[in-house]
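Asks: Here is a sequence together with a model predicted from it:
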Amino acid sequence: MKLQAGSPLSMPVWRRRAQPSISAAGSVVIVSVSSDEPDDANADGSTINDIVIGADCKSLKVRAERKGDGNGRVYVVTFKVTDASGNVSTATAKITVPNSQNGTQAVDDKPSFTISSGCS
């Protein structure tokens with residue numbers, strides 16, 4: 001499985017959404033996406049719907065911003081992967097939004113909220 005960022009995620013971008021693309025042999029669906037920062041909190045630009053999973057469960061949009069007084073944001077995407085023989089497995093990928101452009105990586109705290117896709 002290969003996850004590619006549709007737009008750069010190496011630095012914070014205010015109120016911009018990133019659209020990672022997913023490619024894999026077999027069937028891949030997004031099961032859930034979690035964020036270690038709340039959907040709407042102080043110092044994050046007062047926005048909501050930071051995670052949007054496409055109706056087909058094969059695409060997503062995540063907000064490429066973080067709390068200004070935090071340690072960066074980490075999204076964890078959980079996939080269900082089914083190969084041509086019907087074998088099923090899960091995989092995860094992290095999308096990070098650092099707090100600043102100084103090279104310090106985002107810290108993965110425990111999930112603050114999770115959006116489930118409804119696909120299985």
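Replies: Looks like it arrived, so ask away. Numbers count the residues shown, from 1 in each chain.

Asks: residue boundaries of the strands in the protein?
Replies: For the chain, applying DSSP state E gives strands covering 2-4, 17-18, 21-23, 27-35, 51-53, 60-63, 73-82, 88-97, 113-116.

Asks: Now those strands in CSV, please, with extra columns for distance to residue 106 and mean neighbour count.
Replies: C-beta here means a position set from N, CA and C on the backbone, and glycine is covered the same way. Below are the strands of the chain laid out as CSV (distance: least, Cβ to Cβ, whole Å; neighbours: other Cβ atoms under 10 Å):
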stretch, distance to residue 106, mean neighbour count
strand 2-4, 16, 12
strand 17-18, 13, 18
strand 21-23, 21, 13
strand 27-35, 11, 19
strand 51-53, 16, 18
strand 60-63, 13, 22
strand 73-82, 5, 20
strand 88-97, 4, 15
strand 113-116, 16, 14
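
Asks: weakest of the ones you listed by average pLDDT?
Replies: Ranked by mean pLDDT, the strands of the chain end with strand 2-4 at the bottom, a mean of 49.

Asks: Tell me which of the strands of the chain sits nearest to residue 107.
Replies: Each of the strands of the chain has some distance to residue 107 by Cβ to Cβ; the shortest is strand 73-82, at 7.3 Å.
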